[in-house]
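# Everything below, folded, please.
(chains A and B)
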Amino acid sequence: MSAPQNRRVAALALVAGLGLSLAACSTKSDNSSDASGKVTITVDCQPVGAQQELLRDWNADVAEFQKLHPNITIKSVSVGEQCNNPPDFTARLQGGTVTDVFYGYMTDLDQVLDSGQAMEITEYVTKDTIPTWDSLDAGAKAAFSDGGKVYGVPTKNYSMGLVYNKNLFQQAGLDPKNPPKTWAEVRTAAKRIAALGNGIAGYSDYSAANTGGWHFTAELYSQGGRLVSEDGKKADFNNPMGRQVLQNLKDMRYGDDSMGAKQLLQWPDLLTNAAAGKVGMFIGAPDATTAIVTQFQGKYQDWAMGPMPGQDGPAKATLGGGEGYFVKKGLSPEQVRAGLMWLAYEKLTPGKGQFDYVRAKPENQPVGLPQPQLFTVGSDAYRQDLDLRKANANVNVEDFAAFENNPVPVRFEPPNAQAIYAVLDSAMSAVLTDPNANVDALLKTAEDKVNGLLATR
Amino acid sequence: MATITAPRPDVQSARPPISARRRRGRNDLTGYAFLAGAVFCFALFSWYPMVRGVVMSFQRTRRGVTTWVGWDNYSRIVHDPSFWTAWKNTLHFTVLALILGYAVPFFVAILLNELRHAKGYLRALVYLPVMLPPASALFLFKYYAYDPSDAGLFNAVLKLLHLPTSQWMQSSTATMPAMVIASTWMNMGGAVLIYLAALQNIPGELYEAAELDGAGIWRRIVTVTIPQTRLILSLMAMLQIVATMQLFIEPLILANGAGTQDSATSVAYLIYQHGFFQNDLNGAAALGVIMLIVLAGFSAVYVRLSARQD
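Predicted coordinates for the structure are as follows:
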């Protein structure tokens, strides 16, 4: 072949290759069932390769499910660690590359609906597709509904409490069976733990990447406060309760020096420090311990949980959240039903999928944590799940008794939460990095900013 | 002055023979095929997103329905509590980067140019950080250099010299200089090489003449080096401004985004916040357009300067 011809072929191949590689980016299955009644659906958040046992379990579940339903084919799509990374989720959502059945946080409902990618599934969520549907927690279901219409299926829920390191409690002469119940007790305990030295923070908290505002909200709820007014139009935290949240932190950081020198922490930073045994206490949900163990190489045996602390007594409320799956618009009814049946099998059946404790126990997956608690207390599914959980527990159930036996009312995030959190990060970082921070001025500035922000939303 | 140009031998004949024309036709086709690839890539990954960004900045998508909203997104973004902070921070970074990040590579280049020994070795050493992925380089700074305790590299050195230590990224006043230091270290290799090339183009006799006139090193830099490289210096200044105003990865990694008390929030980071955290892609697009207009101004100066360089 002559040189010019070579070049021409190369150029055409380049153009064709580009087209092909773009076409290959699609994550959508064929959206109709074939003549034989077979349906195929794509599902995301398959565990990543590094989570060998979880991946093996998932694949086994897919095989088992397909055996039970020979007309359904599940195509699993791993999106790497993207299921834990909100910006990646947004990119896939906006790019239209989400799978047929796609994962999202409870707080994603607005952006999912705005993107126009999710389908209303009210008529499909029945006992036929999800046998435990009626037993599912009403609050969790409501978080995936809008105007009485169902758009998603909750598959996990959580509420926050005080996560603490039992070892450090013991070393500091504190009783690991009796965690602090008020912020004053947290402060005393933090001081004693920090006195152990060696760079250990008695109490640790976030102040970056919107996680500071997130925890400010949780702590404000504990005081009985709320982030915005009932109509959602005004900031409602520049008051004694908001002041107390910041003052507690400032007192611990600069009054007692019990929060460590490293601040501006975001989600992985705090958990990395915790896994390394450098954090005595922090506010988190039970699954924070799962993350500490499975992602940051910590040990279950070190961790326990108490209820969310209150200012003078039990907390008035705590922050809750969770995750679930949405169904992509444009699927055939058979596909929607197949997707819901898969979710029911993998996520919402006691003894199966995520609740298969017999399988999880020897794999060092946590069994016995008090959450997720997806089933309504007293329902059959609740009792079955509880029995199985107790029978197979590999974490010490007692370590979470204080959290479980002292339930605190759960409140969810308000609309525009992330934009408000971004503003509140600034106040949180100020009290944790500036000894001269003026709490009143910080709250006033944040209030003005949030009011300005809400006025234009 | 009038010039007479002789016809070039290869274009003397009025029409090339048919076989040559065919060959040229084929060559043209090949050229267009290659061009198609480039045009396709640019159109898909650059021009289309740009146009789409401008269109989106005048739209709002709610519940899957997109409507035209005029200047609403611009109004919302200008009223964002961090809008002016982000611009102030970005300009602060740009100015600091012009003082430090612009001057340092130039003087390092002069120094390297003056060296008699180990020239190649030192040049490679200066260029080395450019080869590190920016994220890795910034994590090095974040965890080792800017550790706020005395264990941090910079604090250990300051302590050794009996100087006051800093909280680095945890101090709202130290955040910007710290980001500029890291950014300069990461990026100066390329600039040093460009300056070195420019310095080597300066005729040696100019320096000899200056030396004969009794000019010291500082005088030689001011009267010979800078005037002789002023065009490349102004080009690099424009490039530097355009690049530093897009400040993003430094705050994202070093300051976990906004930094303490919003001291690191940049315009690009604010775009990211709106687009990827606040369910406000349209607001992000509007801010992107505002930034585009500002940068286009500097780019126009650059284009004019580079035309003069040619």
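
# Single out the residue in chain B that lies closest to chain A.
Scanning chain B for the residue nearest chain A gives residue B:64, at 2.3 Å (criterion: Cβ to the nearest Cβ). (C-beta placed from N, C-alpha, C; glycine too.)

# which residue sits closest to that residue in space, ignoring its chain neighbours?
Nearest-residue entry for residue B:64: residue A:116, 2.3 Å, with adjacent residues in sequence omitted and distances by Cβ to Cβ, 6 or more residues apart in numbering or on different chains.

# Tell me, how many residues neighbour the one you found?
Number of residues near residue A:116 (other Cβ atoms under 10 Å in any protein chain shown) recorded here: 15.

# returning to what we had before: contacting residues for the residue of chain B closest to chain A?
By Cβ atoms under 8 Å, 6 or more residues apart in numbering or on different chains, the residues touching residue B:64 are A:113-117.

# repeat that for 7 Å
When contacts are counted by Cβ atoms under 7 Å, 6 or more residues apart in numbering or on different chains, residue B:64 is found next to A:114-116.

# and those, which of them are in helices?
Counting by DSSP state H, the contacts of residue B:64 place A:114-115 in helices.

# Now stretch A:281-299: buried residues?
A:281-295, A:298 (16 or more other Cβ atoms under 10 Å in any protein chain shown).

# can you tell me which of these are in helices?
Using DSSP H, the members of the buried residues of stretch A:281-299 that fall in helices are A:287-294.

# re earlier: nearest to chain B, of the contacts of residue B:64?
Of all these, chain B sits closest to residue A:116, with 2.3 Å by Cβ to the nearest Cβ.

# For that closest one, give me phi and psi.
Dihedral pair for residue A:116: phi 70, psi 20, per degrees, to the nearest 10.

# Give me the below-cutoff pLDDT ranges for the stretch 201-310 of chain B.
B:309-310 (pLDDT under 70).

# Name the residues of it found near chain A, please.
Contacts of the stretch 201-310 of chain B with chain A, taken as Cβ under 7 Å from any Cβ of the partner chain, map to B:255-258, B:260-262, B:273, B:276-279, B:281.

# If we use 10 Å, what do you get?
With Cβ under 10 Å from any Cβ of the partner chain as the criterion, the stretch 201-310 of chain B meets chain A at residues B:252, B:254-265, B:270, B:272-281, B:283.

# How about the residue most central in space within chain B, nearest residue that isn't a chain neighbour?
Per Cα atoms, centre = their mean, the C-alpha nearest to the average position across chain B is that of residue B:243, at 2.6 Å. Spatial nearest neighbour of residue B:243, chain neighbours left out: residue B:187 (7.9 Å); criterion: Cβ to Cβ, 6+ apart.

# Next, the buried residues of the helix or strand containing the one you found.
Here residue B:187, judged by DSSP states H and E, is contained in helix B:175-200. In terms of neighbour count (16+ other Cβ under 10 Å), helix B:175-200 has its buried residues at B:175-189, B:191-196, B:198-199.

# Repeat that for stretch B:50-57.
Neighbour-count burial for stretch B:50-57 [16+ other Cβ under 10 Å]: B:53, B:56-57.

# repeat for stretch B:156-176
Under the neighbour-count criterion of 16+ other Cβ under 10 Å, stretch B:156-176 has B:156, B:166-172, B:174-176 buried.

# and what of stretch A:226-238?
For stretch A:226-238, a neighbour-count test (16+ other Cβ under 10 Å) marks A:226-228, A:235-238 as buried.

# before we move on, what about stretch A:327-335?
Within stretch A:327-335, the residues that qualify as buried are A:327-328, A:331, A:334-335, counting by 16+ other Cβ under 10 Å.

# can you put the residues you listed in JSON lines and add distance to residue B:115 and pLDDT?
Formatted as JSON lines, those follow (distance: Cβ to Cβ, whole Å; pLDDT from 0 to 100):
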{"residue": "A:327", "distance to residue B:115": "67", "pLDDT": "96"}
{"residue": "A:328", "distance to residue B:115": "63", "pLDDT": "96"}
{"residue": "A:331", "distance to residue B:115": "68", "pLDDT": "95"}
{"residue": "A:334", "distance to residue B:115": "75", "pLDDT": "95"}
{"residue": "A:335", "distance to residue B:115": "70", "pLDDT": "96"}
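
# Please enumerate the strands of the chain.
In the absence of a named chain, this looks at chain A. For chain A, the strands defined by DSSP state E occupy A:39-44, A:72-77, A:101-105, A:145-146, A:149-150, A:152-159, A:161-165, A:201-203, A:279-284, A:303-306, A:318-327, A:410-411.

# nope, chain B please
Along chain B, the segments classed as strands by DSSP E run B:59-62, B:65-68.

# Give me whichever of the ones you listed is most buried.
Counting by mean count of other Cβ atoms under 10 Å in any protein chain shown, strand B:59-62 has the highest mean neighbour count of the strands of chain B, with a mean of 17.

# Can you list the strands that that strand pairs with?
Taking DSSP bridges as the criterion, strand B:59-62 sits next to strand B:65-68 (antiparallel) in its sheet.

# mind checking how far the strand it pairs with is from the chain centre?
36 Å (Cα atoms, centre = their mean, to the nearest Å).

# contacts for it?
The contact list for strand B:65-68 (Cβ atoms under 10 Å, 6 or more residues apart in numbering or on different chains) reads A:114, A:116, B:55-56, B:58-61, B:282.

# Out of these, the closest to residue A:161 would be?
Closest to residue A:161 out of the contacts of strand B:65-68 is residue A:114 (32.2 Å), distances taken as Cβ to Cβ.

# What about residue A:66, how many residues nearby?
Residues near residue A:66, counting by other Cβ under 10 Å: 14.

# Would you mind giving the domain segments of chain A?
Following automatic domain parsing, one finds the domains of chain A at A:29-159+A:321-392, A:161-317+A:408-455.

# So for residue B:35, which of the ones you listed sits nearest?
domain A:29-159+A:321-392 (27.7 Å).

# Could you verify my assumption that the residue nearest to residue B:64 touches residue A:98?
No: using Cβ atoms under 10 Å, residue A:116 makes no contact with residue A:98, being 11.6 Å away.

# Spit out the contact partners of the most centrally placed residue in chain A.
Residue closest to the average C-alpha location in chain A (Cα atoms, centre = their mean): residue A:322, at 5.3 Å. Listed by Cβ under 10 Å, 6+ apart, the contact partners of residue A:322 are A:105-107, A:137, A:139-140, A:143-144, A:154-159, A:285, A:287, A:371-372, A:374, A:412.

# what residues are up against residue B:127?
Here residue B:127 is in contact with B:188-190, B:192-193 (criterion: Cβ under 10 Å, 6+ apart).

# mind putting the residues you listed in JSON lines, distance to chain A and pLDDT included?
Converted to JSON lines, those look like this (distance: Cβ to the nearest Cβ, whole Å; pLDDT from 0 to 100):
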{"residue": "B:188", "distance to chain A": "26", "pLDDT": "89"}
{"residue": "B:189", "distance to chain A": "29", "pLDDT": "90"}
{"residue": "B:190", "distance to chain A": "28", "pLDDT": "89"}
{"residue": "B:192", "distance to chain A": "32", "pLDDT": "92"}
{"residue": "B:193", "distance to chain A": "31", "pLDDT": "91"}
